[in-house]
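> here is my input; please provide its structure:
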Amino acid sequence: MTDVGQFGGRRDGDLAARPVRIAHLGTGNFFRAHQAWYTQHADDAADWGIAGFAGRSGATVRQLAAQDGLSTLLIRGADGDRPEIISSLTSVSADLGDWRRCFALPELALVTLTVTEAGYRRAADGGLDRADPDVAADTDRLRSHGTAAEVTTAPAKLALGLAVRRERGLPGLAVVPCDNVPDNGAMAARVVRELARAVDPGLAEWIDAHVAWVSTVVDRITPRATDEDRAAAKDPAAVVTEPYAEWVLCGQFPQGRPRWKGARIVDDIAPWEARKLMLLNGSHSLMAYAGTLRGHRTVHEAISDPVVLGWVEQWWDDAARQVPLPDEELDAYRAALLQRYANPRIRHQLSQIAADGSQKLPIRVLPTVRAELAAGRVPLGAARILAAWVCHLRGLGVAVDDVAAEEFTALAAGAGIDDATDRVLARLGVDDERMRDTVAGLARELSH
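Residues are numbered from 1 along each chain as shown. Below is the predicted model:
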């Protein structure tokens, strides 16, 4: 197994620090398994170093700083772990002064982010949540102190960094959000522009003229490392991930970008978002609700059950008709998903996937339901997901963990599962009689 210490920090030639041309906000495990890994494997990796920034100074920041940004990535295949030393991260900091200095680098070309959906501080309409106390405080600080302001939120940190570049007459750059939010480039652009406009309309105009916003689809399962993993790697900052990785990007890069191997640069992000949302996320929901009814606890257990596998394939047949990509692309993606799901050493818990179905199913499943019904077809794969969810709401399978649990468990309660199904589907806006009969019939089957 690797040992970060054995390389003597950055003295080793292969691990030499690269020139910083990327700033990254959010130095968690996924970032190191994904964006840092892709940058390390770029054809021109020696030209692209990453300065990593965290929201606050925690144990991970301190450990990475002590290791000169180096850490071990354990790529967990079905047959064993393959370790790599990730060296593209050249520095790690939680200091806002370092953030300002990074944005003052003329050669800075990219800003990538993994701050979670909540980190963008959006209101219900998708814009900046100006009622958020932290957003309001950051806005006031930026108005009062300009680039000397001490801010805490991700939108304000971006606005601050871009204000530094404007103030120094430096060129613009590309902002590349890597969180699982649809059209995340446009989403990030909106919150930052709205904050900038509230602070200084001139800054908002400069951002419009000089900053490119890149939308992405990212994918790589990154389970939490255990004490045993860290001990085996001899690295307290070790990260575990699966062999599969995907990065799809749509947008412009005015100051260039690394030649990331395996990344796709596309003209339209929407089909790739739909592919992931429907085929991956939708099948996850199916296994979470229907698989647990058959006693399974993990994705690997569920997909190893021929019955569940058949249900997944049936759902994919429904959903694939709604994804505007070539058949060969969809077939290859389905095959890759099956290989990922079958990895027994990635223990993806169905109980975690099952959480918040009231928020997930309207996005993952209902578009296929509506499209198939409009085409005159009753989608059995989609119907089974909804039927299994009704059973889940009635207390079968794993425990309900949902932000709207009180409302939906009340709708699903009662002696008759047919009536419960009707109430739940009515709440979801599914009023087609054929669909409701099909879902009710499948719910009866699954509940026995």
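> show me the shaky parts of this protein.
1-16 (pLDDT under 70).
> phi, psi for residue 219 please.
When quoted as degrees, to the nearest 10, the phi and psi of residue 219 stand at phi -160, psi 120.
> got a list of what the residue lying closest to it once chain neighbours are set aside touches?
Spatial nearest neighbour of residue 219, excluding adjacent residues (Cβ to Cβ, 6 or more residues apart in numbering): residue 246 at 4.2 Å. C-betas here are computed from N, CA, C, even on glycine. Residues near residue 246 by Cβ atoms under 8 Å, 6 or more residues apart in numbering: 217, 218, 219, 220, 262.
> now do residue 302
Contacts of residue 302 (Cβ under 8 Å, 6+ apart): 287, 291, 294, 296, 308, 341, 350.
> what's the most distant pair in those residues?
Spatially, the most separated pair among those is 294 and 341, at 15.1 Å (Cβ to Cβ).
> looking at the two, which has the bigger crowd around it?
residue 341 (23 against 16; other Cβ atoms under 10 Å).
> whichever strand or helix holds residue 165 - contacts with which helices or strands?
Secondary structure from DSSP states H and E places residue 165 in helix 154-167. Other elements packing on helix 154-167 under the criterion 3 or more Cβ pairs under 8 Å, 6 or more residues apart in numbering; DSSP states H and E are strand 20-25, helix 96-103, strand 110-113, helix 133-145, helix 184-199, helix 201-210.
> between the contacts of residue 246, which is closest to residue 366?
Nearest member of those to residue 366, counting by Cβ to Cβ, is residue 217, at 20.4 Å.
> which residues touch that closest one?
Contacts of residue 217 (Cβ under 8 Å, 6+ apart): 246, 247, 248, 269, 272, 273, 276.
> and it, that one's in a strand?
Yes: assessed with DSSP: H, G, I helix; E, B strand; the rest coil, residue 217 lies in a strand.
> select, out of the helices and strands packed on helix 154-167, the one closest to residue 49.
Between these, strand 20-25 lies closest to residue 49; by Cβ to Cβ that is 4.6 Å.
> quick one: name whatever helix or strand follows that closest one.
Taking DSSP H and E, what comes next after strand 20-25 is helix 29-33.
> packing partners of the following helix or strand past that following helix?
Counting by DSSP H and E, the next helix or strand C-terminal to helix 29-33 is helix 35-40. Applying 3+ Cβ pairs under 8 Å, 6+ apart, we find helix 35-40 packed against strand 20-25, strand 49-53, strand 80-86.
> let's go with 7 Å and repeat that
Judged by 3 or more Cβ pairs under 7 Å, 6 or more residues apart in numbering; DSSP states H and E, helix 35-40 is in contact with strand 80-86.
> can you list the buried residues in stretch 86-100?
86, 87, 88, 89, 90, 91, 92, 93, 94, 96, 99, 100 (16 or more other Cβ atoms under 10 Å).
> hang on, the earlier thing: are any of the contacts of residue 217 buried, and which?
For the contacts of residue 217, a neighbour count by 16+ other Cβ under 10 Å gives the buried set as 246, 247, 248, 269, 272, 273, 276.
> now, which of these lie within helices?
Among those, the residues falling in helices (DSSP state H) are 272, 273.
> dump the buried ones among the contacts of residue 217 into JSON lines; add distance to residue 230 as well.
Listed next are these as JSON lines, based on distance: Cβ to Cβ, whole Å:
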{"residue": "246", "distance to residue 230": "26"}
{"residue": "247", "distance to residue 230": "26"}
{"residue": "248", "distance to residue 230": "31"}
{"residue": "269", "distance to residue 230": "36"}
{"residue": "272", "distance to residue 230": "34"}
{"residue": "273", "distance to residue 230": "34"}
{"residue": "276", "distance to residue 230": "30"}
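> which one of the buried ones among the contacts of residue 217 is nearest to residue 122?
Using Cβ to Cβ, the buried ones among the contacts of residue 217 come closest to residue 122 at residue 273, 17.4 Å.
> for residue 325, see how far away that closest one is.
11 Å (Cβ to Cβ, to the nearest Å).
> next one: residue 237
Relative to residue 325, and taking Cβ to Cβ, residue 237 is found at 37 Å.
> residue 71 too?
35 Å.
> the two: who's more crowded?
Using other Cβ under 10 Å, the more surrounded residue of residue 71 and residue 325 is residue 71, with 27 against 13.
> buried subset of the contacts of residue 246, written for ChimeraX?
Remark: buried members of the contacts of residue 246, expressed as a ChimeraX selection using 16+ other Cβ under 10 Å:
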select :217,218,219,220
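> got JSON lines for the contacts of residue 246, with distance to residue 148 too?
Shown next, in JSON lines, are the contacts of residue 246 (distance: Cβ to Cβ, whole Å):
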{"residue": "217", "distance to residue 148": "37"}
{"residue": "218", "distance to residue 148": "34"}
{"residue": "219", "distance to residue 148": "39"}
{"residue": "220", "distance to residue 148": "38"}
{"residue": "262", "distance to residue 148": "41"}
